[in-house]
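Peer 1: no letters, just coordinates:
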């Protein structure tokens, strides 16, 4: 993102031309026996992780599993919605 500062302290954000963002819907399964990613259709995944849903450990493991599945760095994966729910929306920058 590039930023342009305007009068009255407003910040306008302009996305870069080659910045592609993908949103996927995830059903989380914390405290599973193994970490795995299952694709149900083009935009839905089921992600099972070993970590329990305590202090954000399961969310961190889900972000790491998504990053590994899509072969992108972890900083390009973000949970947009559902931090305390099993149903999550995740945004991935490609």
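Peer 2: Received, thanks. Every value quoted in this text rests on a predicted model; they were computed, and no experiment measured them. Numbering: from 1, shown residues only.

Peer 1: what number of residues lie near residue 88?
Peer 2: Around residue 88 there are 22 other residues, counting by other C-beta atoms under 10 Å. Every C-beta, even on glycine, is put in place using the N, C-alpha and C of the backbone.

Peer 1: which secondary structure elements does whichever strand or helix holds it contact?
Peer 2: Residue 88 is part of strand 87-93, with elements assigned from DSSP states H and E. If contacts are counted by 3 or more C-beta pairs under 8 Å, 6 or more residues apart in numbering; DSSP states H and E, strand 87-93 sits against strand 21-29, helix 57-70, strand 77-81.

Peer 1: any idea which of the ones you listed is most buried?
Peer 2: Greatest average neighbour count among those goes to helix 57-70 (a mean of 19), per mean count of other C-beta atoms under 10 Å.

Peer 1: helices or strands next to it in the packing?
Peer 2: Checked by 3+ C-beta pairs under 8 Å, 6+ apart, helix 57-70 has strand 21-29, strand 36-39, strand 44-48, strand 77-81, strand 87-93 packed alongside it.

Peer 1: dump the ones you listed into TSV; add mean pLDDT and distance to residue 64 as well.
Peer 2: Shown next, in TSV, are the helices and strands packed on helix 57-70 (pLDDT from 0 to 100; distance: least, C-beta to C-beta, whole Å):
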stretch	mean pLDDT	distance to residue 64
strand 21-29	95	13
strand 36-39	96	11
strand 44-48	97	10
strand 77-81	95	8
strand 87-93	94	12
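
Peer 1: related to what we said a few turns ago, got CSV for the helices and strands packed on strand 87-93, with distance to residue 50 too?
Peer 2: Below are these laid out as CSV (distance: least, C-beta to C-beta, whole Å):
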stretch, distance to residue 50
strand 21-29, 10
helix 57-70, 7
strand 77-81, 18
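
Peer 1: and residue 93, which of these is closest to it?
Peer 2: Residue 93 lies closest to strand 21-29 among those, at 5.6 Å (C-beta to C-beta).

Peer 1: between the closest one and strand 77-81, how many degrees?
Peer 2: 70 degrees (axes from the mean of the first three to the mean of the last three C-alpha atoms, to 10 degrees).

Peer 1: strands paired with strand 21-29, and their directions?
Peer 2: strand 44-48 (parallel), strand 87-93 (antiparallel) (DSSP bridges).
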